[in-house]
Structure formats: structure tokens, C-alpha cells
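Colleague: With the sequence up front, the predicted model follows.
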Amino acid sequence: MSTPAFDLVIRNALVATASDTFGADIGIRAGRIVQLGAALAAGAREIDAAGRVVTPGGVDAHCHLDQPMAPPARMADDFDSGTRAAACGGTTTVIPFAAQEKGQSLRAAVADYHRRAEGRAHVDYAFHLIVSDPTPQVLQQELPALIAEGYTSFKIYMTYDDLKLDDGQMLEVFDVARQHGAMAMVHAENADCIEWLTKKLEAAGRTAPRFHAHSRPMLVEREATQRAIALAELVDVPILIVHVSGREAVEQIRWARSHGLNVFAETCPQYLFLSAEDLGIDNSYMGARCVCSPPPRDKRNQEVIWRGLADGLFTVFSSDHAPFNFDSPEGKKPGGEEVAFRHIPNGIPGIETRMPLLYSEGVLGGRITLNRFVELTATNPAKAYGLHPRKGTIAVGADADLVIWDERELTLRNTQLHHNVDYTPYEGMQLNAWPAITLARGEVVWDGRDFHPRQGRGRFLACGLPSLLPRRSRNDKESHANLAD
Ligand code: DUC
Ligand code: ZN
Ligand code: ZN
């Protein structure tokens, strides 16, 4: 008997990419897509996807796994549980953060993060860097060398005492991104405004979780977004504003785009499906479960975010999975106590629910097209961080990272999820879709009922440069920073 042409054939798929939807069989060999077409030859294994949509596996370009925290805080998910949950929710590539502590070299942060990931991941992963201490050594040597080695994106913070950069430092980091073609991601909230408001709230005894949202109103995000845009314009560098939460920040980004600036934007499920009320309408501590930054806003802001997803304003849709248990001294109750909002670890889980939430409410709810769903959850994040076309699309030569969708009604329960967190903020939500099968480089990792573990299956991906924009030519307009004449 002759050997089969493929290791696996997915028959009768309704294939959706960022640009097209078409019927095809998908032929897979050695973890890659090698043929797309009608009536492909037999595979060693076959899966019939008749009547089902097949999309690229998701690329979750903003999630936090096993990131070192100041004690007693500790993330509930590491690379084992985090990538398990990702796979079961249709995500086949994750990009968490190797975070530099002040005083630490970036190299040391990267080496430590590799140790945390090595041999543990079930799906492929790359790293963003977090630059919190841009010393001359970091700016002139470490960052350029790391970019060349495949760490081509870095996040900078405008808030959080242990992470924030001032405007001068932001300009320096942006300049490195410009010189080397890397992607700078910005957490845009004004630190001084937050501190001033927090002190006022504390003085008035307003320390329940819900006051977290009062301490970070839209204005603080709007101001920081505008400032980040101005700084990037000065340097003449593209930037990506992460976790955009509502109208006023969206307006700043629209302004920037209308003035020809390359400002990209990310949003997350919490800004579509949660509101400030989820932090509590009374002083209940249950609201700590939804404490994240920026905080969820209100219905009107949710609508603005939906519009931005539909009309192209947003480039990527990520989870910002930042996993802390609710009922834990390492999580939302530091040291076992119900604490003032300032001390509640920021972040909510969402790595497993990101794709099904947007498919259900966005695609099946008629708010975005199927192709836009693919663009936001897979293709654009792969392009923004230099992983395309290996990741983020269904094409000959791409990795066989695929989701076969099951359009059925279900009620979301934390007991059914695969993260290590003791709650989901979306408990009880009615959804209309969940992955029937997730394939990671041609292997079934999730079959709709069971997870198929293989720690170490996930490999580290060195990233290329972002490919959302054409490469700069030498004749491009010079930046304000170029003082040649
Ligand atoms: N905000 C962040 O900036 N990062 C992690 C989680 C959060 O809420
Ligand atoms: Zn952030
Ligand atoms: Zn984050």
C-alpha cells in the first residue's frame, strides 16, 4: 500500500481567513498546511468538518503567564495551565511578557522567562519585553541585540510605580523602536492623576473594589493616550495602544489616524462584556474579581468598542489574561485579607474565553464579519508581532494551527474551563459557539471534550519585524528628532 499523501486531511471545511471564506479540504503534513483544495487525496487520518467553519488558531498577543510579582501576589497560571486553557479556547499561539524589574538587565529577565516556559507549554509562544528601566546599556545594547534575536516588541507603562516611564524615557524607547523597526506597545494611563484620586478616595474611606474604577476614570486614559500619540509623532514611530477601554481613548486614536499617524490599537473582552458595575454596586468585595486596568466602563463605551472592532479602528483583540485567584492570599485577597482597592492585584482571566466570546457575540451576534474575527484574533496579531504568515492564517506553508467551530448553545461555567483560576468574570453567560477541535501544528490538542496534553509541544518562536506596514524606504519623511539641517 502506498503511504498516504498527508498526515491529516480536514474534509469539507468552510475555511475563513482574514480576507476570504471558501470551501476546501485542508491537507496537513509534518505540522504544516501543504495543500488546500477540493477532493484531496487520502490522509493517514481524516476529520470531517462538513458544515463547520474552520479558522486559524488564535494568536493571543497580550496575556500574562507566570510573570514574577511582588509577594504575596502570584499568578495562578504558568505556561502549563495557561497554554492548556488557551488551546481549549481555540488559541494556538500566546505572547506573554518577559518583564524587566528596575535594576535588572533585560537579558536576565528574558533568561528567567525562558526557564519558566521551557518544556511546559502546550502551544507555541513568543515573548514581548516589558522595559521598566531604560538605562543606556538597555537602550544602546540590550534592546537592539534582543530585537535582532527575535524579541521584536516591547511594552512600556505610563502607570504603576515599579514599571512606569516618564516622557523622556518613553521618547528614548520609541527611538529604539524606530531605529530597529520594532513594535512599541503602550499602557496608557496617567499615573499622577491615579495617585491623586486614589489618595482622595482613601481619605474619604472609599476603599471598596468599586472605587478602583473611580480612581481611573476615562480622562486618565484619554490624557495618556493623547500624550503617547504625541510622543510617537515626535519620534515618528508606529505604536500600538493596548487594552483601549472606551470612547475618549478611541477618539484620540481616530484623530491620530485621520492625521496620518500609524497608531494601532488593541482591545479586550472585558471592555465589551463587563462594566464598572461588575466591580460592585455596593461595597461588596466580590467586585475584586473584575479589578483590572483600565477598568471596565459602561454600556455606551462598550458600544464604541464594538464599533471600533467592526470599522477597522482596532487592530488586535487580546485577552490581557492576568490570572489571580479570588479566594487566595496570593490573589485578590493579599495575605488572606480583604484589602483597599489600591492593593488588589490588577487583572482578570480570559485566555480561554477570548475567542468563543467574540465568535458568539461578534460573528453570530451580527456585529462583525467572520473575516474580521479572523483578522482581529489571529492574522493581525501575527502581523503586528512578526509571526505572519507562519501563524495567523490558513495558507499553504503556514503552521497547521486551526480551530473547527461548533456552533451550539452553552452556558459558560468556570468548572468547565482549564485555567488555574477559581472564577471567570463571565460565569453564566450564554454563548453560541465553542471550539469543537483545536489543532496545534497538526496535533489535536482539544477535541471538544478533552484536552490532550503534551508539555513541551509548544515551542518558542523568534519573531520577525512587524509586517502591518510597508517597510520604510530611505526617502521617508524624517522625524522631528532628526536635526540634520
Ligand atoms: N492591567 C495591566 O496593565 N496588566 C495586567 C492586568 C491589568 O489589569
Ligand atoms: Zn497594561
Ligand atoms: Zn496586560
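Modeller: Received it, and whenever you're ready, just let me know what you need. Ligands and ions are numbered 1, 2, ... in the order given.

Colleague: Just to be sure, residue 224 is in a helix?
Modeller: Yes - judged by DSSP: H, G, I helix; E, B strand; the rest coil, residue 224 forms part of a helix.

Colleague: which ones are touching it?
Modeller: Under the criterion of CB atoms under 8 Å, 6 or more residues apart in numbering, the neighbours of residue 224 are 158-159, 188-190. C-betas here are computed from N, CA, C, even on glycine.

Colleague: Nearest to residue 309 among the residues you listed?
Modeller: Closest approach to residue 309 among the contacts of residue 224 (CB to CB): residue 188, at 18.6 Å.

Colleague: Any regions of this structure where pLDDT drops low?
Modeller: 1, 472-485 (pLDDT under 70).

Colleague: May I have the strands that pair with the biggest strand by length in it, each with its orientation?
Modeller: Identified as the longest strand of the chain according to DSSP state E is strand 6-16. Using DSSP bridges, strand 6-16 pairs in its sheet with strand 21-29 (antiparallel), strand 43-48 (parallel), strand 53-56 (parallel).

Colleague: Could you look over these and pick the most buried one?
Modeller: Neighbour counts (mean count of other CB atoms under 10 Å) averaged over each of the strands paired with strand 6-16 peak at strand 53-56, with a mean of 26.

Colleague: Check which element follows that strand along the chain.
Modeller: Next along the chain after strand 53-56, taking DSSP states H and E as the criterion, comes strand 58-60.

Colleague: what about the helix or strand just after that next one and ligand 1, touching?
Modeller: Using DSSP H and E, the helix or strand that follows strand 58-60 towards the C-terminus is helix 79-88. No - Helix 79-88 stays clear of ligand 1 (CB under 6 Å from any ligand atom), getting no nearer than 13.5 Å.

Colleague: contacting residues around the closest residue in space to residue 142 that isn't next to it in sequence?
Modeller: Among residues not flanking residue 142 along the chain, residue 106 sits closest, at 4.4 Å (CB to CB, 6 or more residues apart in numbering). By CB under 8 Å, 6+ apart, the contact list for residue 106 reads 98, 100, 129, 131, 138, 142-143, 146.

Colleague: Restricted to helices, list the residues you listed.
Modeller: Using DSSP state H, the members of the contacts of residue 106 that fall within helices are 143, 146.

Colleague: Let me know whether my guess that residue 154 is in a strand holds.
Modeller: Yes - under three-state DSSP, residue 154 sits within a strand.

Colleague: Name the residues that touch stretch 184-191?
Modeller: For stretch 184-191, contacts defined as CB under 8 Å, 6+ apart pick out 62, 128, 153-161, 164, 170, 173-174, 177, 216, 220-221, 223-225, 227-228, 232, 237-243, 249, 266, 293-294.

Colleague: and the residue of the stretch 101-250 of the chain found nearest ligand 1, what are its phi and psi?
Modeller: Closest residue of the stretch 101-250 of the chain to ligand 1, CB to the nearest ligand atom: residue 187 (5.1 Å). Phi and psi for residue 187, reported as degrees, to the nearest 10, are phi -90, psi 110.

Colleague: Neighbours of it, how many?
Modeller: Here the number of neighbours of residue 187 (other CB atoms under 10 Å) works out to 23.

Colleague: Quick check: residue 389 is in a strand.
Modeller: No - Residue 389 is assigned coil when assessed by three-state DSSP, not a strand.

Colleague: Am I right that it is in contact with residue 401?
Modeller: No - counting by CB atoms under 8 Å, residue 401 is not a contact partner of residue 389; they are 11.7 Å apart.

Colleague: Tell me which of those two has more neighbours.
Modeller: Neighbours were counted for residue 389 and for residue 401 using other CB under 10 Å; residue 401 has more, 34 against 16.

Colleague: which residues touch that one?
Modeller: 56-57, 92-93, 123-124, 391, 439-441.

Colleague: Turn those residues into TSV, including distance to residue 26.
Modeller: Output for the contacts of residue 401, formatted as TSV (distance: CB to CB, whole Å):
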residue	distance to residue 26
56	11
57	13
92	14
93	18
123	19
124	19
391	16
439	9
440	14
441	13
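
Colleague: In helices only, show me those.
Modeller: Counting by DSSP H, no part of the contacts of residue 401 is found in helices.

Colleague: What residues does the residue nearest the centre of the chain make contact with?
Modeller: Nearest to the geometric centre of the chain sits residue 62, at 2.4 Å (CA atoms, centre = their mean). Contacts for residue 62 were tallied using CB under 8 Å, 6+ apart; they are 95, 185, 242-243, 266, 268, 316, 318-321.

Colleague: Spatially, which two of those residues are the most separated?
Modeller: Put simply, by CB to CB the two of the contacts of residue 62 set farthest apart are 185 and 321, 15.4 Å from each other.
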